[in-house]
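S.K.: No sequence on hand, only this structure:
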């Protein structure tokens, strides 16, 4: 790997385990357009030996490779970075010291996001197969943990809801402008977040013309948000988080409510957002009066945030919008890869949001 | 009118001012299927003399009438009940004692919903043209004000968001199970709520694949919810209410959060819902674990409600789903008409939700 | 059954095999609102013993029954009419003389639609298990075969595409105004036509923002259209039929092209449509210049038709719009039931199209 | 301009008249990502002096410029190429010899697409204000007129439907494999093709859950298709073309039917497609059995084509799918710009289709 640090001549070789899910496919799309990386292993247990374009015909005449089985040991020999875009549990069951000594891993599943293995096992109802790597794993929310990511071997790519929820509230929690235990996050997501599995609940006729909440009080992104925002305010917090399914493909909108600390003004809040995000390319603090809309970040790595203070009730309403497959999954994974390999953080991520 | 009370032989004659908006058109659809009422005046300032079916081709070979101008004085001579499905301000500017002495009015606009004219003028930024009728107007949320509606001349048909928001929280507020000042309502609505006006914001390409909040902290349904829930708990309250636009045609989902009063259990909450809604045909308290979905009330007058207690945070998450054009507008207007004329409350409102 | 003819006192008892598919569920919706029929057997092999409302929550507090297994023999004892809303092959494998001697059957599958068993076996790639009943089965396109349906024991309810395709072209074929062998039918259907099975192809994210053709030159409704239109012009014909999947729930639009016979004028064509449809409640011949739109028939049993003559090319463009689940499946099945039992043909089918 | 030919040091300066329509906005998106061009004039009569990002918030922190009025004379001084993404008639009314002597023009309107001014005036019902430039204008369907475009001053960018319709049938017409006068094109388009104007017909609630034909036998792209395919087969032809509106944002699918010339086989047809498109980057001839889907070209400049031969009827069914805003408008305009300035034809057009 060292030679790469010295002179980036050859491309970064990437392998994807789970390349035929929606998040995996988005990784394929982004990495194809990345100047310094290329996918050399399209992993997909379900489509071994099938041409990738037969699963995703948008890639016809673009990608000629066929899908390969999951083989992390062989992958470690052949690539510089492995992305695991797989269900919970798989990455933890495959990773070991030998692999980590040879290759960087960006895990898009939840296996290494929570530092407390008991919390993981309680919310995910799964035994963790390699808790010994939890301590070294870095939570890859780039805007917050940038420096740690650069030095990591194993990056836990944040959840989609969590990325949006945390970035929307972070400056206010960090600066002590709100009471974090009053935080209520009402989040809405497009259907690609549910994956490409064949389930009646995700059929067009079931999702279209419908709004519903799900996982009410029990959604697994709750402890992830609590842990990360807890670090920001340096105490344990408990919040309410409610996800909803929306009849759209991509996009997450988080509407967040919290009680303001005494004396906090709208100007204080704007200053806090500017303090943390003014230099961040991928977080756009919108001008006053402009609400975040998923439409205007679709296909890009941006998170748009804004807020309104309600003087009547003493609360602030924060809003954040993001593409769940980009900043909420594949885009952030590429951003983490860029950090891991010393590349400009936005390389391969300059897509302008596509509208309409 | 008296002869009708004695013996319902002839049909109730109804006039609609604003029959070519979405709410007006839904009134036309519902009243066409009503056993004891018929529309005899299809008011539409924009389409005077045009066949109603040329504006709504679904009504071809069903309704042959042409649209008529707004003329409340003449209407009062010719009909038994007037529905005003018009923008705010119109009903207040047309109504007078002579008209009210001849005809019942169900106003689908906001003109007579708020008892405090100053609150109306502040939130709606309109001068109220007939505040003298505000005291006698009855807020037509049938499940709560049934008896008063029966005796009314002027019914203020509740707003769409308010109907859903209030019914979802009412039993808990009324029974003192939650702290009403902690109430946060995050509501999501289909696009028909925005009306049939030609606006860029409501174009297909703008609404589709998008979620956004709007009217954050300033939406006009806020004081209406506060007033009605304030009556329930017998004090002034202040809440947060945030509406969102969803890429679907019909449906409102309200997700509501509030802190539980000490010692309140899930069983207490279920009892409260049962107490108020067990006998209500149009409010369905769903079994534990089944979330309200707009899909399953579409086209009907039902409101589906349910809740989850979060013991970790001491809050309850309440949910309500409703068709904004039926129970949120035209259906409730018909329900009010039924009450006004002594008919069975569900007459003409027996539509089964249509899915998919 | 005779007593019913004499005096319709009790309700018609209906059993549905396959009541939890989309077509079956639509039958449930329509029959619930039927004045003279009631469902007493909610058949569903997949959900035996489960409450019907747990599969279709729109029916909560409306239908309390649980689902039952498929048992045609027992059904024949308990009901007056059986609807089979099942995949091809099932009805043919269950029906026998004893059953048909006790009960009417309306088969929503394709088993008895084609008179030539070889054509059936070729296009459906299935062996027909009871070809002996094909001759007596009546093709239940009510507007065309009304009188035969009245006397039938076994009705083959037409396919969705075929109902729309045939009714759109029928008067022109029957009257010899077009050359039937030049007929090209380009049909577009909402996704409910694909059923409620869990398939990747029908996921929201796959169907939304997409148009595609499928079954090009091989779709099974082709021979059905050819057979029926062949009866109309009294010769064998061959046409092109191409179905497309559209990101909507309900609705079929058929756009049909054919060469006009020499000298045929637009007036001739309009006369032909009027001749056959003027008295038909469920076929609406739209005024000149108004195109059929699926929107304006949704939820109803109407088929809207219209046409444009292209003098430049000597062709006519015919258009028909219909709700695939109503007139294309469950609505027509009820219409057939009404004919079978001597009831008014539109009983239970007076739903006004719901828009938006 | 010459210096640019010698050495491309500075960027191509582009001005857009009509930059706030959907096609104009797509040009902005594509040119922003173009290595050798930059937009220096965001023309928009409706939004003069407003920040571009206030009209298209996806461009916040990406484009800081404000919108400018239409001033072709000034534009000609300041830019190298003008794109007119405006309603018909505007470009023809502004262009003159002096302007054309200074600047290249790519006109996205229909003003210079038809060589016969009478045909233009008949189908568009507009007087043509500068017919003297029609002869020199080059029809910018790059795959067919590549060499002429390179030498042009004025490029008529083809219509969206026409691009898809022509490319789908071109090889078969050119090679004489079908009878061009039997050609029937049934085309389906997403709603962005209707533009961003505020019209009731394009509201979400009107478009969603709907399919309809429009402009039946009278759509203006008809003579454009006839003229271009007429050049291919060297005779005047007449076809049927029917556009339909589909509830999706982007995408055109053209399903085309024609009678095969005697003896033509599927292999002949595939050879013809390969002959013309094998080397074309932006036209993908799909493998047998894979149908073109709008989904898989969205956001890209690709046109996917395929066909099925129906031996029963002696017809071929051709299919083509394309993004109406990219290859159907802005993408092709950039492709034309690349040809005009001697750049690689795919520069700035390497976007991979985005799915879902």
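M.R.: Looks like it arrived, so ask away. Just so it is clear, the structure is predicted and the values come from calculations on it, not from any experiment.
S.K.: list the contacts for residue A:217?
M.R.: Contact analysis of residue A:217 by Cβ atoms under 8 Å, 6 or more residues apart in numbering or on different chains lists A:240, A:242, B:308, B:309, B:310, B:312, B:317. In this view, the C-beta of every residue, glycine as well, is placed from N, C-alpha and C.
S.K.: Look at the fourth one and give its secondary structure.
M.R.: Pointing back at residue B:309 there. At residue B:309, secondary structure determined by DSSP: H, G, I helix; E, B strand; the rest coil is strand.
S.K.: Check which helix or strand residue A:305 maps to.
M.R.: Under the criterion of DSSP states H and E, residue A:305 resides in strand A:303-310.
S.K.: And for the closest residue to chain D within the stretch 101-250 of chain A, nearest residue in space, chain neighbours not counted?
M.R.: Per Cβ to the nearest Cβ, residue A:249 is where the stretch 101-250 of chain A lies closest to chain D, at 4.5 Å. Using Cβ to Cβ, 6 or more residues apart in numbering or on different chains and skipping residues adjacent in sequence, the residue nearest residue A:249 is residue D:356, 4.5 Å away.
S.K.: And the strands in chain A?
M.R.: With DSSP state E, the ranges of strands along chain A come out as A:12-17, A:37-43, A:81-84, A:104-107, A:138-139, A:154-156, A:184-189, A:212-213, A:240-245, A:252-259, A:283-285, A:303-310, A:315-322.
S.K.: Would you format these as TSV with mean neighbour count, distance to chain D and mean pLDDT included?
M.R.: As requested, those are exported to TSV (neighbours: other Cβ atoms under 10 Å in any protein chain shown; distance: least, Cβ to the nearest Cβ, whole Å; pLDDT from 0 to 100):
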stretch	mean neighbour count	distance to chain D	mean pLDDT
strand A:12-17	26	15	98
strand A:37-43	22	12	98
strand A:81-84	28	17	98
strand A:104-107	27	20	98
strand A:138-139	22	26	98
strand A:154-156	26	24	98
strand A:184-189	27	13	98
strand A:212-213	25	19	98
strand A:240-245	24	15	98
strand A:252-259	26	14	98
strand A:283-285	23	5	98
strand A:303-310	24	7	98
strand A:315-322	27	10	98
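S.K.: The closest residue to residue A:84 other than its chain neighbours and residue A:154: what is the separation?
M.R.: What sits nearest to residue A:84 in space, not counting adjacent residues and going by Cβ to Cβ, 6+ apart, is residue A:91, at 4.2 Å. Per Cβ to Cβ, to the nearest Å, residue A:91 is found 9 Å from residue A:154.
S.K.: what is in contact with the two at once?
M.R.: By the contact definition Cβ under 8 Å, 6+ apart, residue A:91 and residue A:154 are jointly contacted by A:105, A:107, A:112.
S.K.: The second one bridge partners, please.
M.R.: Beta-bridge partners of residue A:107, counted by DSSP bridges, are residue A:84, residue A:156.
S.K.: May I ask you to confirm that it is in contact with residue A:156?
M.R.: Yes. Assessed by Cβ atoms under 8 Å, residue A:107 is found in contact with residue A:156 at 5.7 Å.
S.K.: intersection of neighbour lists for those two?
M.R.: Counting by Cβ under 8 Å, 6+ apart, the residues touching both residue A:107 and residue A:156 are residue A:137.
S.K.: interface residues of the stretch 1-150 of chain A facing chain D?
M.R.: A:22, A:25, A:29, A:32, A:33, A:56, A:57, A:58, A:59, A:60, A:61, A:62 (Cβ under 8 Å from any Cβ of the partner chain).
S.K.: quick one: contacts for the third one?
M.R.: It refers to residue A:29. A:330, D:352, D:354.
S.K.: looking at those residues, which has the most residues close by?
M.R.: Tallying neighbours with other Cβ atoms under 10 Å in any protein chain shown puts residue A:330 at the head of these, with 30 neighbours.
S.K.: returning to what we had before: so what does the residue of the stretch 101-250 of chain A closest to chain D look like in phi/psi?
M.R.: Taking degrees, to the nearest 10, you get phi -80, psi -50 for the backbone angles of residue A:249.
S.K.: what number of residues lie near it?
M.R.: 26.
S.K.: Test my guess that it contacts residue C:209.
M.R.: Yes. Residue A:249 lies in contact with residue C:209 (Cβ under 8 Å); the separation is 6.7 Å.
S.K.: shared neighbours, those two?
M.R.: What both residue A:249 and residue C:209 touch, as defined by Cβ under 8 Å, 6+ apart, is the set B:209, D:356.
S.K.: Which residues of the stretch 201-350 of chain A lie near chain B?
M.R.: So the stretch 201-350 of chain A meets chain B at A:205-206, A:208-214, A:216-217, A:238-240, A:242, A:244, A:246-251, A:253, A:255, A:257, A:291-295, A:298, A:308-310, A:312-313, A:315, A:317, A:319, A:321 (Cβ under 8 Å from any Cβ).
S.K.: Which parts of the stretch 151-300 of chain A are helices?
M.R.: A:160-174, A:204-207, A:221-233, A:266-277 (DSSP state H, counting those that start in this stretch).
S.K.: which of those is buried the deepest?
M.R.: Most buried of the helices of the stretch 151-300 of chain A, by mean neighbour count (mean count of other Cβ atoms under 10 Å in any protein chain shown): helix A:160-174, with a mean of 27.
S.K.: Next, the angle helix A:221-233 makes with that helix.
M.R.: 30 degrees (axes from the mean of the first three to the mean of the last three Cα atoms, to 10 degrees).
S.K.: How far off centre is helix A:160-174?
M.R.: 12 Å (Cα atoms, centre = their mean, to the nearest Å).
S.K.: again with stretch A:151-162
M.R.: Per Cα atoms, centre = their mean, the centroid offset for stretch A:151-162 relative to its chain is 7 Å.
S.K.: Name all residues that make contact with the residue nearest to residue A:249.
M.R.: A:22, A:192, A:249, A:250, C:205, C:206, C:208, C:209, D:295.
S.K.: Of all the strands of chain A, which one comes closest to residue D:230?
M.R.: strand A:37-43 (45.4 Å; Cβ to Cβ).
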